[in-house]
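**Q** give me the fold of what follows.
(chains A, B and C)
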Amino acid sequence: MVYDLEQKEVADEAWAVVKTSFPYIPGYLSFREGPAVLSAFRKICLIPDVVIFDGQGMAHPRGAGIASHIGVLLGIPSVGCAKTRLVGEYEEPGLLRGDRAELRYNGRVVGAVVRTRTGVKPLFISPGHLVTLEDSVRIVLEAAFRFRLPEPVRLAHKRATELRKRYESSRSSPKKYPSGGETI
DNA sequence: GCGACAG
DNA sequence: ATCTTGTCGC
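**A** Down below sits the predicted model:
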């Protein structure tokens, strides 16, 4: 999902149906979900300035979560925005939107635990490719203006669920199914 | 060996 | 992540 933060609207989108070739193993998420991200990315017409990943960036056992790894392959700035922690220690941040705490791992600050909405569970933000921690937090807070998750992440998730349902029911019948290359 | 563990 | 009913709060 390519989202225009100034117009507050979807600018482009694309999807891909890819068979999983790797199991989900904490610390190896990019090997499972990366291929699908890459194939869907080849179909979009508007290349974004930054990509927000549903997962970790630098806050990873080897310092390179899906945001860092795929960000490099795409050659585009990226940010890790996970709903839960993978590694690191932190103090619970304040309850207001914008309140944050450092996420430390091996004596290093690898990310931030940020409250994007007052009273909701915080997000685990960490730098991906070509982006600083401060910019990462700024980008996520700017994109999460309505709900807990950044708008593009929320909409992408919503679209994925919808497509998966439609796909699972149409795959049995002889009908065809849009490949996701349609441009808006 | 035990517990932790993005999606 | 997925399954899954009702329920709590804005």
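**Q** list the contacts of the helix of greatest length in chain A.
**A** Longest helix in chain A, counting residues (DSSP state H): helix A:151-170. Contact partners of helix A:151-170, identified using C-beta atoms under 8 Å, 6 or more residues apart in numbering, comprise A:1-3, A:8, A:10, A:13, A:15, A:17, A:52, A:54, A:81, A:143-145, A:147, A:149, A:177, A:180. Every C-beta, even on glycine, is put in place using the N, C-alpha and C of the backbone.
**Q** wait, does it contact DNA strand B?
**A** No. Between helix A:151-170 and DNA strand B, judged by C-beta under 7 Å from any atom of the strand, nothing touches; the nearest distance is 7.8 Å.
**Q** quick one, what contacts the most centrally placed residue in chain A?
**A** Closest residue to the average C-alpha location of chain A: residue A:53 at 1.9 Å, with C-alpha atoms, centre = their mean. Residues in contact with residue A:53 (C-beta under 8 Å, 6+ apart) are A:65-67, A:70-71, A:78-81, A:128.
**Q** and stretch A:37-57, what's its mean pLDDT?
**A** Mean pLDDT, stretch A:37-57: 98.
**Q** quick one: the strands in chain A?
**A** Using DSSP state E, the strands of chain A run over residues A:2-4, A:9-12, A:51-53, A:78-82, A:100-105, A:108-114, A:123-127.
**Q** how about those in CSV, adding distance to residue A:41?
**A** Formatted as CSV, the strands of chain A follow (distance: least, C-beta to C-beta, whole Å):
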stretch, distance to residue A:41
strand A:2-4, 10
strand A:9-12, 11
strand A:51-53, 8
strand A:78-82, 11
strand A:100-105, 27
strand A:108-114, 24
strand A:123-127, 20
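**Q** out of those strands, nearest to DNA strand B?
**A** Of all the strands of chain A, it is strand A:78-82 that lies closest to DNA strand B, at 4.0 Å by C-beta to the nearest atom of the strand.
**Q** give me the nearest residue to the closest residue to DNA strand C within chain A, chain neighbours excluded.
**A** Closest residue of chain A to DNA strand C, C-beta to the nearest atom of the strand: residue A:83 (5.9 Å). Leaving aside its sequence neighbours, residue A:83 sits nearest to residue A:123 (C-beta to C-beta, 6 or more residues apart in numbering; 6.6 Å).
**Q** centre of the chain to the lowest-mean-pLDDT helix or strand in chain A, how far?
**A** For chain A, using mean pLDDT, DSSP states H and E, the weakest element among its helices and strands is helix A:151-170, scoring a mean of 92. Remark: helix A:151-170 is offset 15 Å from the chain centroid, using C-alpha atoms, centre = their mean, to the nearest Å.
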